[in-house]
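**Student:** coordinates only, no sequence provided:
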């Protein structure tokens, strides 16, 4: 059984303390919206009776019939996307870029076909129609077990309520978000199999509205809540120079004059897998944006 223990933020290291504060702020900011989203899902799956009326009728042994027509109307919208599946297209800036754009288009088609991206798009669209918001994501996977080469994959996110977004983000695609989380619940045995050397002490610091499975995991199936934590962090500072011919360089050639210069902080994305008390895994993400896309 996992041990539940309230761990004060003061005991956590600075990375975990910031992660917990961010998660709790995001969960609190989205609480009302997430409750409505969960209610939409329940209504979609035929839970359409007011609970007090339902309890009253059941106590009187009266039926609670539901004629659920909502899936029919939902499919009228989602089937349009399935018939006209969206795809990524590269648009050239000018005529000289057309050949380059065609090359990128070929790469994009390969990524989407090898990822079965249509499933990710359709899942996100289905969530968007039912409860207003869906997500899909980008990941990198090794080509095979004997290679260090990686390839990009487009993957679905089945439960949009498992995603927590920086409330300060204002762009509709969340491109300006400084952090995001994707939560996951594991049984105690699954957690120990994946992280045998990590602590099974947990707490409720990563608890949110609508994404919790603990209400139906009973008996001796204890639950460990973990979360993927993406964070935008400032990297090293460097100087860029503009040469007289307009070229931009980081290292100014000896004796070469520059017409302009400025200091820049290299932007980086760090991916971490965290529990409620510690960082389980950590590695950089090869990109400048958090790879979670809203629909």
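**Tutor:** Perfect, thanks for sending it. In this text the structure is predicted, and so the values were computed from the model without any measurement. Residues are numbered from 1 along each chain as shown.

**Student:** next one: residue 257, what pLDDT does it get?
**Tutor:** Looking at residue 257, its pLDDT reads 84.

**Student:** I'd like the next helix or strand past the helix or strand bottoming out on mean pLDDT in the chain.
**Tutor:** Ranked by mean pLDDT, DSSP states H and E, the weakest helix or strand in the chain is strand 3-4, scoring a mean of 48. From strand 3-4 onward toward the C-terminus, using DSSP states H and E, the following helix or strand is helix 14-29.

**Student:** now do that next one: everything it contacts.
**Tutor:** Outside helix 14-29, the residues that touch it by Cβ atoms under 8 Å, 6 or more residues apart in numbering are 9-10, 12, 164-167, 179, 181, 205-209, 227, 229, 231, 272, 274, 276-279. Where C-beta positions appear, they are placed from N, C-alpha and C, glycine not excepted.

**Student:** out of these, which end up buried?
**Tutor:** Neighbour-count burial (16 or more other Cβ atoms under 10 Å) applied to these gives 12, 164-166, 179, 181, 205-206, 208-209, 227, 229, 231, 272, 274, 276-277, 279.

**Student:** just those: which are in strands?
**Tutor:** For the buried ones among the contacts of helix 14-29, membership in strands holds for 164, 165, 179, 181, 227, 229, 231, 272, 274, 279, with DSSP state E as the criterion.

**Student:** using TSV, please lay out the residues you listed together with pLDDT and distance to residue 42.
**Tutor:** Output for those, formatted as TSV (pLDDT from 0 to 100; distance: Cβ to Cβ, whole Å):
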residue	pLDDT	distance to residue 42
164	96	20
165	96	22
179	97	29
181	97	23
227	93	24
229	97	29
231	97	33
272	96	32
274	93	29
279	93	35
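
**Student:** helices and strands around the helix of greatest length in the chain, which ones?
**Tutor:** The residue-count maximum for a helix in the chain (DSSP state H) belongs to helix 98-115. The contact analysis (3 or more Cβ pairs under 8 Å, 6 or more residues apart in numbering; DSSP states H and E) places helix 98-115 against strand 150-156.

**Student:** coming back round to it: between the ones in strands among the buried ones among the contacts of helix 14-29, which sits nearest residue 253?
**Tutor:** residue 231 (35.9 Å; Cβ to Cβ).

**Student:** show me the strands in the stretch 51-200 of the chain, by range?
**Tutor:** Along the stretch 51-200 of the chain, counting by DSSP state E, counting those that start in this stretch, strands occupy 135-142, 150-156, 163-165, 179-187.

**Student:** so the spatially closest residue to residue 262 that is not a sequence neighbour: helix, strand or coil?
**Tutor:** Excluding its sequence neighbours, the residue lying closest to residue 262 (Cβ to Cβ, 6 or more residues apart in numbering) is residue 240, at 6.2 Å. The assignment at residue 240 comes out as strand when based on DSSP: H, G, I helix; E, B strand; the rest coil.

**Student:** and the ones in strands among the buried ones among the contacts of helix 14-29 as TSV, adding distance to residue 125?
**Tutor:** Formatted as TSV, those follow (distance: Cβ to Cβ, whole Å):
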residue	distance to residue 125
164	21
165	19
179	25
181	22
227	25
229	26
231	28
272	29
274	30
279	34
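
**Student:** so which of these comes closest to residue 93?
**Tutor:** Closest approach to residue 93 among these (Cβ to Cβ): residue 165, at 30.9 Å.

**Student:** burial count for the residue lying closest to residue 280 once chain neighbours are set aside?
**Tutor:** Using Cβ to Cβ, 6+ apart and skipping the chain neighbours, the partner closest in space to residue 280 is residue 273 (4.4 Å). Residues within reach of residue 273, counting by other Cβ atoms under 10 Å, total 18.
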